[in-house]
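K.L.:
next comes the sequence, and after it the predicted model I'd like to discuss.
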Amino acid sequence: MSAGLSSKEDVIVCLLVPGYIAVGSDDSADGHNDGGHGTFLVGFPCALLNSAKVKAEPTPDITIFSDGGLSDADDIKGEEWEAAIKSPPKGKKRVTKRQAFTSYYLKDLHFLYKDSNRDDKTKWKGVFRSPFVFQTFAAHLADIKGSQKILSLHDPEKPTPSPIGALGLAAVAVERALTLIATGTLTVEMAHAARGRTITHPRTLNFSTNKDSMRQMGFSDASWGKATHNYAKLAHKLTKAKFNVIVKEAQEFMKPTWTRNKTTDAMEVINVDEDDEWAFLVDNSDSDCK
């Protein structure tokens with residue numbers, strides 16, 4: 001995995017770009033897409049989020065950020081929210097509304113649910129069914145559309161397994177993208193400046209090597225492996241019926257331009273001959289290829 005944003009995370013960042021979701025004017029947003037940002041702006045309109053009852057400007061408890069990360073500052077509540085953004089307490093760094101927005105959805109994993117408007121978290125509904133996760137998962141579904149199905153990979157007597165790992169990766173990609181924005185590591189200005197190219201993360205000190213590096217920001221197993229595993233375990237607990245609903249609803253976000261095969265939805269089935277020596281080649285080397 002690279003240190004830049006993945007295609008799935010690009011989708012999430014697009015939701016926070018002016019004109020696609022209005023989360024405040026702190027970042028000199030003009031609310032228009034001038035077409036100068038290349039393919040980065042894939043064009044998910046605010047209406048998609050509004051229809052899903054996602055609040056563009058929540059008024060949650062927020063934490064003032066300091067030194068580019070989450071601080072131990074007291075949470076700021078209620079009517080003090082706007083005042084804290086405009087004039088933060090002494091010694092605290094000013095946060096943008098985008099940071100407040102993403103911090104809200106990261107808190108208690110609001111971003112993961114379709115309905116998380118209740119104070120009682122046990123009554124939240126629709127895990128993995130938020131617009132954030134749907135649009136990211138849809139990128140995966142579009143990418144595999146028309147791909148070939150190999151029967152020998154699964155027990156033919158059992159239903160084809162659900163893409164549990166892909167859904168887990170979609171969820172963790174959303175969390176990472178929101179985290180990068182909430183901590184100020186990634187800004188909309190950086191996205192604009194990239195003009196459709198991969199966004200390069202700022203270098204930070206790697207304490208193990210005592211050198212500046214982008215590795216800490218990478219979408220790596222060291223940084224996000226545990227979270228990915230946990231999301232996959234959660235996805236594995238879903239019933240087949242619930243997973244099918246997630247797939248169906250995510251497919252509604254798929255764009256025709258994303259698909260590699262627009263002429264047919266049929267899947268070609270490949271039967272692997274067990275006598276074919278190429279069918280069961282494995283890599284038994286002790287280390288990964290460099």
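P.N.:
All right, it came through fine. Bear in mind the structure is a predicted one, so any value in this text is a computation, not a measurement.
K.L.:
how much space separates K97 from A182?
P.N.:
Distance, K97 to A182, by CB to CB, to the nearest Å: 12 Å. Bear in mind the C-beta positions are built from the backbone N, C-alpha and C, glycine included.
K.L.:
the more surrounded of those two?
P.N.:
Using other CB atoms under 10 Å, the more surrounded residue of K97 and A182 is A182, with 25 against 20.
K.L.:
surely that one touches T102?
P.N.:
Yes: with contact defined as CB atoms under 8 Å, A182 counts as touching T102 (4.1 Å).
K.L.:
might one say that I199 is in contact with V188?
P.N.:
No: applying CB under 8 Å, one finds I199 not in contact with V188, separated by 10.8 Å.
K.L.:
tell me the mean pLDDT for the biggest helix by length in the chain?
P.N.:
Counting residues, the longest helix in the chain under DSSP state H turns out to be helix 164-182. The pLDDT scores in helix 164-182 average 92.
K.L.:
same thing with stretch 129-138?
P.N.:
According to the model, stretch 129-138 has a mean pLDDT of 93.
K.L.:
got it, and stretch 254-263?
P.N.:
53.
K.L.:
now swap in stretch 236-251 and tell me
P.N.:
93.
K.L.:
in it, what counts as buried?
P.N.:
Of the residues in stretch 236-251, 238, 242-243, 246-247, 249-250 count as buried by neighbour count, 16 or more other CB atoms under 10 Å.
K.L.:
which among those gets closest to K123?
P.N.:
Using CB to CB, K242 is the member of the buried residues of stretch 236-251 that lies nearest K123, at 17.0 Å.
K.L.:
what's the distance between A171 and H192?
P.N.:
Between A171 and H192 the computed distance is 27 Å (CB to CB).
K.L.:
quick one: which of the two has more around it?
P.N.:
Regarding A171 and H192, a neighbour count based on other CB under 10 Å identifies A171 as having more, with 27 against 16.
K.L.:
so what's the residue nearest to Y231 when sequence neighbours are not counted up against?
P.N.:
Closest residue in space to Y231, ignoring its immediate chain neighbours: G168 at 3.8 Å, by CB to CB, 6 or more residues apart in numbering. With contacts defined as CB atoms under 8 Å, 6 or more residues apart in numbering, the neighbours of G168 are 228-229, 231-235.
K.L.:
how near is G168 to S162?
P.N.:
11 Å.
K.L.:
any shared contact partners between the two?
P.N.:
The contact sets of G168 and S162 overlap at A235 (CB under 8 Å, 6+ apart).
K.L.:
show me where pLDDT drops low in the protein?
P.N.:
In the predicted model of the chain, residues 1-95, 151, 201-202, 204-210, 212-217, 256-290 satisfy pLDDT under 70.
K.L.:
kindly recompute the last result at 80.
P.N.:
When residues are selected by pLDDT under 80, those of the chain lie in 1-96, 146-160, 188, 191, 196, 198-219, 255-290.
K.L.:
doesn't T102 belong to a strand?
P.N.:
No: applying DSSP: H, G, I helix; E, B strand; the rest coil, one finds T102 to be helix, outside a strand.
K.L.:
show me what contacts it?
P.N.:
Counting by CB under 8 Å, 6+ apart, T102 makes contact with 16, 178-179, 181-182.
K.L.:
equivalent analysis for G126, please.
P.N.:
Here G126 is in contact with 113-115 (CB under 8 Å, 6+ apart).
K.L.:
my read: A173 touches A227, true?
P.N.:
No: contact between A173 and A227 fails when scored by CB under 8 Å: they sit 10.2 Å apart.
K.L.:
more neighbours: these two, which one.
P.N.:
Neighbours were counted for A173 and for A227 using other CB under 10 Å; A173 has more, 28 against 14.
K.L.:
now do the helices in the stretch 101-250 of the chain.
P.N.:
Counting by DSSP state H, counting those that start in this stretch, one finds helices in the stretch 101-250 of the chain at the ranges 131-144, 164-182, 188-194, 221-236, 240-251.
K.L.:
okay, buried residues for the third one please.
P.N.:
So the one you mean is helix 188-194. Buried residues in helix 188-194 (16+ other CB under 10 Å): 188, 190-192, 194.
K.L.:
among these, which two are most distant?
P.N.:
V188 and A194 (10.6 Å).
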